[in-house]
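>>> Coordinates for the following, if possible.
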Amino acid sequence: MDLQIINQTKEENILSLEINNGKKSAFIYQNKKIGYIQVICKNAAHKVWGGMGRCFNNYDEAIEAYKSSDMKAMIRYAKQVSDED
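Sure thing, here's the model as predicted:
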């Protein structure tokens, strides 16, 4: 599965990723200081309602919450980038 990184910002306590794999697009935000991960799947519902996505305590919880292998792959990538400290 090919992931296209549209935007990646990594600072001291913040990780922000915008990822696309051709079919789906996602925005993943991690704030290590506060301790949460926010995942926004940019699908039709998000475009209509403009929701804030879902928040999780850790990456494993986020991976388990999604059925789509595409979303799981994008979250795994974010976890890998986050662990590269």
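>>> rest of the way, CA atoms for contacts and neighbours
Noted.
>>> where do the helices sit along the protein?
Taking DSSP state H as the criterion, the chain contains helices spanning 44-49, 59-65, 69-83.
>>> Just say which of those is most tucked in.
helix 69-83 (a mean of 18; mean count of other CA atoms under 10 Å).
>>> Check which helices and strands it sits against.
Using 3 or more CA pairs under 8 Å, 6 or more residues apart in numbering; DSSP states H and E as the contact definition, the elements that helix 69-83 packs against are strand 14-20, strand 25-31, helix 59-65.
>>> Dump the C-alpha coordinates for it into CSV.
Extracted in CSV, the C-alpha atoms of helix 69-83 (Å, rounded to 0.1, in the frame of the first residue of the first chain):
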residue,chain,number,x,y,z
SER,A,69,-7.0,-1.5,6.3
ASP,A,70,-6.3,1.9,4.7
MET,A,71,-7.0,3.8,7.9
LYS,A,72,-5.1,1.2,9.9
ALA,A,73,-2.0,1.6,7.7
MET,A,74,-2.1,5.4,7.9
ILE,A,75,-2.3,5.3,11.7
ARG,A,76,0.5,2.7,11.9
TYR,A,77,2.6,5.1,9.8
ALA,A,78,1.9,8.0,12.2
LYS,A,79,2.8,5.7,15.1
GLN,A,80,6.1,4.9,13.4
VAL,A,81,6.9,8.6,12.9
SER,A,82,6.0,9.3,16.5
ASP,A,83,8.3,6.7,17.8
